[in-house]
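Undergrad: Turn this into a structure:
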Amino acid sequence: VRDLFRKKTDEPFDGPSDFVGAGIMCYSDQHVLGALQATKEPPYISGLGGKREWGESFMETALREAVEELFEPAGGAVPAALIKDLQSIRPTRVFTTPGEYVIVAYTFTQLEALLRIMRRHLKRSALYKSFPLTISELILNRTIGAKNEISHLCLLPRVGGANVHKEYMDDIAELLRGAA
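TA: Okay, here's the model as predicted:
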């Protein structure tokens, strides 16, 4: 992991020009936002992000992918003006993982600021009855669709090396079988 961000300065930072994808990671002292990619085989929980489009900077890729996965904008296009405005929120950290995937980290407070900017540009989303402005609204008020790239959002503990106990996964499967 290579840290790209000079945390104690307001100077602009440069990321890699040769990267394959980028995403955002949102967190608090105790939790990290996770996203279920239910259409993948097998389904898995990841962050928000994806592949770079031609000519994008790592920030543009990370923010575009986050907007697409959180809100699935009408027509699929994320307005360039939205991406520009979102860049006014300075991340807490930027780092690369092996393979030159860039992670742009924001606190939950910063994510809520990003949501306010998104609402000004997008107004609404088919995934929400009213546009979410808090972490709770983002997670709990999401409409779950079978074909959504990201179906569910969740909070994960901010710890390393945790696994979900097999019997608990069995309990969840049983709950789903009995769901009306």
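Undergrad: alpha carbons only for contacts and neighbour counts from here, please
TA: Noted.
Undergrad: Any chance you could list what contacts the host helix or strand of Leu70?
TA: According to DSSP states H and E, Leu70 maps onto helix 58-71. Helix 58-71 is contacted from outside by 15-17, 19, 21-24, 48-53, 73, 76, 78, 83, 86-87, 102-104, 118, 125-127, 149-150, using CA atoms under 8 Å, 6 or more residues apart in numbering.
Undergrad: quick one: pLDDT of the most centrally placed residue in the chain?
TA: Nearest to the geometric centre of the chain sits Leu48, at 2.9 Å (CA atoms, centre = their mean). Here the pLDDT value assigned to Leu48 is 96.
Undergrad: quick one, strands of the chain?
TA: 2-3, 21-27, 31-37, 44-46, 48-51, 93-97, 101-107, 153-157 (DSSP state E).
Undergrad: how about CSV for those strands, with distance to Ser136 added?
TA: Below are those laid out as CSV (distance: least, CA to CA, whole Å):
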stretch, distance to Ser136
strand 2-3, 30
strand 21-27, 13
strand 31-37, 11
strand 44-46, 18
strand 48-51, 17
strand 93-97, 23
strand 101-107, 14
strand 153-157, 10
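Undergrad: Report the buried members of the contacts of helix 58-71.
TA: When these are checked for burial by 16 or more other CA atoms under 10 Å, the buried set is 15, 19, 21-24, 48-50, 52, 73, 78, 83, 86, 102-104, 118, 125, 127, 149-150.
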